[in-house]
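>>> The following block contains a protein sequence and its predicted model.
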Amino acid sequence: MTRWRDAVACALLADWTDPLGQHAAEESVLALLKRETCAAHAQLQPLWERKAGGQRVALHACGM
């Protein structure tokens, strides 16, 4: 829940309003904010929780 709250805060602080003048008829403000929030949420996820090709990425410790 906290990551989504942080993602929304990042999205609100980002430049998501720039495309409003260009795509006002095509996309609603809520759709633009939702897209920016999803992008911020993905960026805030730790590497070991991210997905690649629909599957979780497994990090293995290397025996150095």
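Noted; the coordinates are in hand.
>>> remind me, longest helix of this structure?
helix 29-44 (DSSP state H).
>>> roughly how far is the helix or strand following that one from the heart of the chain?
The helix or strand immediately downstream of helix 29-44 is strand 51-52, counting by DSSP states H and E. Centre-to-centre, strand 51-52 and its host chain are 14 Å apart (Cα atoms, centre = their mean, to the nearest Å).
>>> element containing Val8?
Assigning secondary structure by DSSP H and E places Val8 in helix 2-13.
>>> Against which helices or strands is that helix packed?
Judged by 3 or more Cβ pairs under 8 Å, 6 or more residues apart in numbering; DSSP states H and E, helix 2-13 is in contact with helix 29-44. (Each C-beta comes from the backbone N, C-alpha and C, glycine too.)
>>> any idea of the angle the helix it packs on forms with helix 2-13?
120 degrees (axes from the mean of the first three to the mean of the last three Cα atoms, to 10 degrees).
>>> how many other residues sit next to Ala31?
11 (other Cβ atoms under 10 Å).
>>> let me redo that: Thr37
Neighbour count for Thr37, taken as other Cβ under 10 Å: 19.
>>> contacting residues around it?
Counting by Cβ atoms under 8 Å, 6 or more residues apart in numbering, Thr37 touches Trp4, Ala7, Val8, Cys10, Ala11.
>>> where does Ala42 sit relative to Arg50, distance-wise?
8 Å (Cβ to Cβ, to the nearest Å).
>>> what's the spacing between Leu47 and Ala31?
Per Cβ to Cβ, Leu47 is found 29 Å from Ala31.
>>> Over to Gly53?
26 Å.
>>> Spatially nearest residue to the spatially most central residue of the chain (excluding sequence neighbours)?
For the chain, the residue nearest the mean C-alpha position is Ala39 (2.0 Å; Cα atoms, centre = their mean). Counting by Cβ to Cβ, 6 or more residues apart in numbering, the nearest residue to Ala39 once its immediate chain neighbours are dropped is Ala11, at 7.7 Å.
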